[in-house]
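[1] Output the structure for:
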Amino acid sequence: MKSALPKVLQTLAGKPLLGHVLNTALDLQGKQAKNGPVVVVGHGAADVKAYLTHAITEDARFAKVVTALQAEQKGTGHALLQALPKLDVQEPTLVLYGDVPLTSKKTLAKLAKLADGVRGKDSALALLTQNLANPTGYGRIVRDADGAVTEIVEEKDASALQKAIQEINTGIMVLPTNALKKWLKSLRASNAQGEYYLTDVIAMAVKDGVPIRTTQADDEFETIGVNSRDQLAQLERVYQLNIAKQLMDAGVSLADPARIDVRGTLECGTDVSIDVGCVFEGCVTLAAGTKIGPYCVIRNSVIGKEVAVHAHTHIDGAKVGNQSVIGPYARLRPGADLSNDVHIGNFVEVKNSKIAANSKANHLAYVGDSIVGSRVNIGAGTITCNYDGVNKHQTIIEDDVFIGSDTQLVAPVRVGRGATLGAGTTLTKDAPPNQLTVSRAKQVSLQWQRPVKKAVAKKPAKKVSKGKK
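    Residues are numbered from 1 along each chain as shown. Predicted coordinates:
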């Protein structure tokens, strides 16, 4: 990856690869599982552990995840050996890979079902395989004349005949844990890589008479691992196109399915339309009839019905009421809570403020730490001066207020119901209701001469003397 960040912490759809894998594993386990997934850490172990700790704040299920340290990277079999003390021998073990992020719960449930009866003598081993047109780089599934799996041969150890096999080992498998304990301790590093291969347990299972069953994923991308930036980008597009298809199947209109990014969850009502280049992060809800213009970024927000969000608008941690109009080039920051039919226009920023119905700030304004009533008009260039350099203070603007352009409201301050603030006012005291409040210097006109730019004298050109030959 050519990165200081461990590969499993590289992000796909805004989430580390490992996060995708663990979410699927936790979904598969369900709430009743006694033990959580075991993550084998090695390279970048401190970074991976820090991520797992942080992830608990976003998903409490991550508290069940434990780690096992593989101090030296000696192969997949060696990795699983480090996790063995933390596995429940009475339950089957599902092996997943931190850099294979898109394996579905459906596929894994199907694989686990093949291993039913893993308790006691009826145990089975289930393998997830895949047929590839170009199997280069993968271990091959070797079968006997009856089609039964006999072994897995890694490419570097494979013969020319074995390399022609197109069925490959994805590495994902379900194993009987009690038998696995014995098999792992019998592994030898007698191969071209000098590593302890987990795949060697297949031949051991055959020898012990353990049934080996196989299945395949519905889609090839479910088994693709990430080993380069290029592969990561390809999987990102696969993921986003799948999300786009789900949205369109649910009735959402996308101007271009190839130009949308969902980095979290996006819930949409009927007849929602989304233009190109939009990014949705965290948990976003768009109610019925809402239209999102091009190149908007919306994060952790709830947008009401029939809202128009115009181009290049940023919305983060906000609520927007029905039939409101936002943008273009507007910014709603965390705590912005807009009621119905609120207009927030171009280059207007709202932060930690409640704005009641039918109010508007159409141009070049900042509303921060404020409570704004209904039917308020906030003129261009108006700002609430909410920060004194140390503390934040609140501005209260009551119903039916008209605020003229280029006005500063120095908090804490209250503007009474029906008041009008004249353009250019700097309000430092409460404005009484139903009155015009003006604060500006007396206009004066003076005779004067506008400065004129001085002419720069040109330097005379130097004479060049002619030398004698």
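[2] ranges for the strands of the stretch 101-250 of the chain?
    Assigned by DSSP state E, counting those that start in this stretch, the stretch 101-250 of the chain shows strands spanning 125-131, 140-143, 149-153, 167-175, 212-216.
[3] Quick one: list the elements packing against the first one.
    Yep, that's strand 125-131 we're talking about. helix 105-114, strand 167-175, helix 201-207, strand 212-216 (3 or more C-beta pairs under 8 Å, 6 or more residues apart in numbering; DSSP states H and E). Just so you know, the C-beta spots here come from the backbone N, C-alpha and C atoms, and that holds for glycine as well.
[4] hmm, try it at 7 Å
    When contacts are defined as 3 or more C-beta pairs under 7 Å, 6 or more residues apart in numbering; DSSP states H and E, strand 125-131 sits against helix 105-114, strand 167-175, strand 212-216.
[5] now the fourth one
    If contacts are counted by 3+ C-beta pairs under 7 Å, 6+ apart, strand 167-175 sits against strand 93-95, strand 125-131, strand 140-143.
[6] hmm, back to that, nearest to residue 294, of the strands of the stretch 101-250 of the chain?
    In terms of C-beta to C-beta, the element of these nearest to residue 294 is strand 125-131, at 38.2 Å.
[7] Can you list the buried residues in the lengthiest helix in the chain?
    Counting by DSSP state H, the longest helix found in the chain is helix 229-249. Neighbour counts over helix 229-249 (16 or more other C-beta atoms under 10 Å) mark 232, 235-236, 238-240, 243-244, 247 as buried.
[8] Which of the helices or strands spans residue 49?
    Using DSSP states H and E, residue 49 maps to helix 45-55.
[9] Using CSV, list the CA coordinates for that helix.
    The C-alpha trace of helix 45-55 is given here as CSV (Å, rounded to 0.1, in the frame of the first residue of the first chain):
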residue,chain,number,x,y,z
ALA,A,45,-0.6,-3.8,16.1
ALA,A,46,-0.8,-0.6,18.2
ASP,A,47,-2.7,1.2,15.5
VAL,A,48,-5.1,-1.7,15.0
LYS,A,49,-5.8,-1.9,18.8
ALA,A,50,-6.3,1.9,18.9
TYR,A,51,-8.9,1.6,16.1
LEU,A,52,-10.7,-1.2,17.9
THR,A,53,-10.9,0.8,21.1
HIS,A,54,-12.2,3.9,19.3
ALA,A,55,-14.7,1.8,17.3
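[10] Can you pull out the residues in contact with that helix?
    Defining contact as C-beta atoms under 7 Å, 6 or more residues apart in numbering, one finds that helix 45-55 is touched by 5-6, 8-9, 16, 18-19, 39, 41, 62, 65, 67, 69.
[11] Okay, and which of those map to strands?
    Taking DSSP state E as the definition of strands, those contribute 16, 39, 41, 67, 69.
[12] Can you tell me which of the residues you listed comes closest to residue 342?
    Nearest to residue 342 among the ones in strands among the contacts of helix 45-55, counting by C-beta to C-beta, is residue 16 at 36.9 Å.
[13] residues contacting the closest one?
    8-10, 51.
[14] One more: residue 223?
    Residue 223 touches 100, 103, 128, 130, 170, 217, counting by C-beta under 7 Å, 6+ apart.
[15] List buried residues within the ones in strands among the contacts of helix 45-55.
    For the ones in strands among the contacts of helix 45-55, buried by 16+ other C-beta under 10 Å: 16, 39, 41, 67.
[16] now, which of the residues you listed sits nearest residue 96?
    residue 39 (9.7 Å).
[17] Can you tell me how far the closest one is from residue 9?
    Going from residue 39 to residue 9 by C-beta to C-beta, to the nearest Å gives 12 Å.
[18] do the same with residue 125
    31 Å.
[19] Between those two, which has more neighbouring residues?
    residue 125 (27 against 18; other C-beta atoms under 10 Å).
[20] most surrounded residue in the contacts of residue 223?
    For these, neighbours tallied by other C-beta under 10 Å; top is residue 128, 26 neighbours.
[21] wait, that residue sits on residue 170?
    Yes - contact status for residue 128 versus residue 170: in contact at 4.7 Å, counting by C-beta atoms under 7 Å.
[22] ok, back up a step: tell me the buried residues in the helix holding residue 49?
    Using 16+ other C-beta under 10 Å as the test for burial, helix 45-55 gives 45, 47-48, 51-52, 55.
[23] Okay, domains of the protein per the record?
    7-223, 229-437 (automatic domain parsing).
[24] Out of those, which gets the lowest mean score?
    Among the domains of the chain, domain 7-223 carries the lowest mean pLDDT, a mean of 93.
[25] what's the span of that domain, first residue to last?
    Domain 7-223 stretches 17 Å from its first residue to its last (C-alpha to C-alpha, to the nearest Å).
[26] where does residue 98 land in three-state SS?
    For residue 98, the assignment made with DSSP: H, G, I helix; E, B strand; the rest coil gives coil.
[27] Could you check how far it is from residue 44?
    For residue 98, the distance to residue 44 - C-beta to C-beta - is 11 Å.
[28] which of the two has more neighbours?
    residue 98 (22 against 17).
[29] Name the nearest residue to the more buried one, sequence neighbours excluded.
    residue 8 (3.7 Å; C-beta to C-beta, 6 or more residues apart in numbering).
[30] Contact partners for the closest residue to residue 419 other than its chain neighbours?
    Nearest non-adjacent residue to residue 419, counting by C-beta to C-beta, 6+ apart: residue 431, 4.7 Å away. By C-beta under 7 Å, 6+ apart, residue 431 lies in contact with 415-416, 419, 421, 437.
[31] among these, which two are most distant?
    For the contacts of residue 431, the maximum inter-member distance is 10.7 Å, found between 416 and 421 (C-beta to C-beta).
[32] So those two - more neighbours on which side?
    residue 421 (27 against 18).
[33] hang on, the earlier thing: can you tell me which of the contacts of residue 223 is nearest residue 115?
    residue 128 (11.0 Å).
[34] excluding its backbone neighbours, what's nearest the closest one?
    Residue 128 sits nearest to residue 172 (C-beta to C-beta, 6+ apart), 4.1 Å away.
[35] likewise residue 78?
    Per C-beta to C-beta, 6+ apart, closest to residue 78 is residue 196, 4.2 Å.
[36] and that neighbour, how far is that from residue 81?
    Noted for residue 196: a distance of 7 Å to residue 81, by C-beta to C-beta.
[37] Is residue 285 in a helix, a strand, or coil?
    strand.
[38] ok, and the closest non-adjacent residue to residue 77?
    Closest to residue 77 by C-beta to C-beta, 6+ apart is residue 196, at 3.7 Å.
[39] Revised request: answer the last question for residue 169.
    residue 139 (4.1 Å).
[40] got it, and residue 140?
    Nearest residue to residue 140, sequence neighbours excluded (C-beta to C-beta, 6+ apart): residue 165, at 4.1 Å.
[41] residue contacts, that neighbour?
    By C-beta under 7 Å, 6+ apart, the neighbours of residue 165 are 135, 140-141.
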